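# Build me a structure from this.
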Amino acid sequence: MPVTEVRVANYRSLRDVQIPLGQVNVVLGANGCGKTNLYRAMFLLHAAARGELARTLAAEGGMPSVLWAGTRPKGPVRLILGVVVDGFDYELSCGLPEINDLPSAFKLDPLIKEETVTFRDGCSRVTLLDRAKSGAVLRDADGARVSFPRALTRSESALTQIQEPQRFPPLFALRESLAGGRFYHSFRTDEDAPLRQPRVGSFTPVLGHDGTDLAAALLTIIEIGDADALHAAVRRAFDGAILRVEGEDARFHILLETPGLRRPLGAHELSDGTLRYLCLLAALLSPRPPALLALNEPETSLHPDLILPLAALIAEAGTRTQVWVTTHSAPLAEAVASRAGVGPVRLARRDGETVVLT
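This is a model prediction of the structure:
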């Protein structure tokens with residue numbers, strides 16, 4: 001179920017942005033233009049589907065911190081997140097507590113004001129979920145309109161609280177599609193990072209968000225994934241180097257055999273850029289591709305010689321999953337565009353507001 005459109009209003013620098021999406025999407029812009037805010041907005045939709053919206057916003061300082069702070073009309077401001085997934089249009093509207101709202105100690109949590117799911121059927125729309133302050137109405141598998149079967153948590157999506165897939169199949173499928181995205185903000189590669197040390201690992205078809213389980217993820221690709229593509233990518237990136245993952249009693253460590261050196265280098269000896277590139281390989285070559293794979297500034301810490309190999313991997317990953325990349329590297333954006341046949345979405349910032357350049 002591909003995402004074909006994303007809409008964001010009143011989130012940080014995103015006063016009102018609407019972007020169509022394809023199979024491979026590259027968002028390009030200078031530092032501070034709002035591309036990471038757009039990435040975070042996509043992550044908020046993912047978090048909402050997983051029942052983690054309030055927790056994710058709290059990590060950003062809560063609702064007062066994330067709302068658009070520029071000039072706006074009088075009255076309450078609403079954070080609006082919208083997405084179209086395979087014809088299903090989902091929109092979530094959040095706000096701050098108002099005078100008549102029930103008191104709560106959790107004053108920074110979002111309050112869900114409205115939530116809708118509609119299905120586009122030609123020129124007409126069918127409403128599958130309609131939530132307002134008074135409650136929610138859903139359309140079940142028989143097409144009947146029914147009240148939401150349980151009390152709604154006011155700071156979390158109704159979508160994530162649907163527990164009966166056989167009764168509400170389209171809504172459940174939409175929730176699973178949004179929740180199934182995979183987001184990589186950054187990988188921890190400092191000298192004390194866990195991925196630099198041997199670690200007990202298990203079958204890992206999905207790399208963790210911070211790369212901690214890198215050795216196990218690479219070994220899983222070698223055992224059940226495209227091992228040839230992995231080893232070829234390592235050779236191309238590191239002048240013929242050979243990747244090995246070894247260990248006893250499931251305690252794995254990474255070794256890189258580099259031409260000209262008499263012994264392999266362990267993860268504790270590798271550069272931040274090398275480890276980050278290995279993490280990107282594990283994410284892009286996952287034997288269990290997600291519905292959406294999102295990478296935030298993957299070029300960070302990489303040598304310029306790695307940009308073209310990375311672009312090739314991103315374009316190839318787009319044949320298996322929908323890909324979203326934010327970057328301030330024009331060479332990376334152009335290289336992905338030439339391979340995937342799509343131009344980047346270019347962002348700029350004017351008077352504090354993120355705008356999409358045409």
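
# now the strand of greatest length in the chain, how far from the centre of its chain.
When secondary structure is assigned using DSSP state E, the longest strand within the chain turns out to be strand 111-121. Its chain's average C-alpha position is 21 Å from that of strand 111-121, according to Cα atoms, centre = their mean, to the nearest Å.

# Stretch 261-280 now?
Centroid displacement of stretch 261-280 relative to its chain, using Cα atoms, centre = their mean, is 26 Å.

# So what touches that stretch?
Contacts to stretch 261-280, defined as Cβ atoms under 8 Å, 6 or more residues apart in numbering, come from residues 184, 187, 189-191, 193, 195-197, 207, 211, 214-215, 218, 234, 237-238, 243-244, 253-258, 295, 298, 300-303, 306, 310, 313. C-beta coordinates here come from the backbone N, C-alpha and C atoms, glycine included.

# quick revisit: name the strands paired with the longest strand of the chain and say parallel or antiparallel.
Using DSSP bridges, strand 111-121 pairs in its sheet with strand 88-95 (antiparallel), strand 124-132 (antiparallel).

# sorry, back to before: just the buried subset of the contacts of stretch 261-280, please.
Buried residues within the contacts of stretch 261-280, counting neighbours by 16 or more other Cβ atoms under 10 Å: 184, 187, 189, 193, 195-196, 207, 211, 214-215, 218, 234, 237-238, 243, 253-256, 295, 298, 301-302, 306, 310, 313.

# In strands only, show me the residues you listed.
Counted as lying in strands by DSSP E, out of the buried ones among the contacts of stretch 261-280, are 184, 243, 253-256, 295.

# neighbours around residue 31, how many?
If you count neighbours by other Cβ atoms under 10 Å, residue 31 ends up with 9.

# Give me the subset of the buried ones among the contacts of stretch 261-280 that lies in helices.
Among the buried ones among the contacts of stretch 261-280, the subset assigned to helices under DSSP state H consists of 214-215, 218, 234, 237, 310, 313.

# out of the residues you listed, which one sits closest to residue 1?
Proximity of these to residue 1 was ranked by Cβ to Cβ; the top entry is residue 313 with 23.7 Å.

# I figured the closest one was touching residue 286, is that so?
No. No contact is recorded between residue 313 and residue 286 when judged using Cβ atoms under 8 Å, the distance being 11.7 Å.

# Pipe the ones in strands among the buried ones among the contacts of stretch 261-280 into TSV and attach pLDDT and distance to residue 340 per row.
What follows is these, written out as TSV (pLDDT from 0 to 100; distance: Cβ to Cβ, whole Å):
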residue	pLDDT	distance to residue 340
184	96	19
243	97	26
253	94	35
254	95	30
255	96	33
256	96	29
295	97	14
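
# which regions of the stretch 51-200 of the chain sit below the pLDDT cut-off?
Scanning the stretch 51-200 of the chain for pLDDT under 70 picks out 99-102.

# Tell me where it has helices.
Secondary structure of the stretch 51-200 of the chain (DSSP state H, counting those that start in this stretch): helices located at 53-59, 63-66, 169-179.

# In TSV: those, plus mean neighbour count and distance to residue 104.
As requested, the helices of the stretch 51-200 of the chain are arranged in TSV below (neighbours: other Cβ atoms under 10 Å; distance: least, Cβ to Cβ, whole Å):
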stretch	mean neighbour count	distance to residue 104
helix 53-59	18	11
helix 63-66	17	12
helix 169-179	19	25
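
# Any buried residues in stretch 81-101, and which?
Neighbour-count burial for stretch 81-101 flags 81-85, 88-97 (criterion: 16+ other Cβ under 10 Å).

# Likewise for stretch 200-220?
Applying a neighbour-count criterion of 16+ other Cβ under 10 Å, the buried positions in stretch 200-220 are 201, 204, 206-208, 210-220.

# of all the residues you listed, which two lie farthest apart?
The two members of these with the most space between them (Cβ to Cβ) are 210 and 219, at 17.9 Å.

# gap between residue 128 and residue 61?
As judged by Cβ to Cβ, to the nearest Å, residue 128 and residue 61 stand 33 Å apart.

# These two - which one has more neighbours?
With other Cβ under 10 Å as the criterion, residue 128 and residue 61 differ in neighbour count, and residue 128 comes out ahead with 22 against 10.

# Tell me which residue is most central in the protein.
Relative to the mean C-alpha position of the chain, the nearest C-alpha, by Cα atoms, centre = their mean, is the one of residue 183, at 3.3 Å.

# Just the buried residues of whatever helix or strand residue 46 lives in, please?
Taking DSSP states H and E as the criterion, residue 46 maps to helix 35-49. Neighbour-count burial for helix 35-49 flags 35-49 (criterion: 16+ other Cβ under 10 Å).

# Kindly report the same for stretch 140-149.
Using 16+ other Cβ under 10 Å as the burial criterion, the residues of stretch 140-149 that qualify are 140, 148.

# re the thing from before, nearest to residue 353 among the ones in strands among the buried ones among the contacts of stretch 261-280?
Residue 353 has its nearest neighbour among these in residue 295, at 24.9 Å by Cβ to Cβ.

# List the residues that contact that closest one.
184, 280, 283, 314, 323-326 are the contacts of residue 295 under Cβ under 8 Å, 6+ apart.
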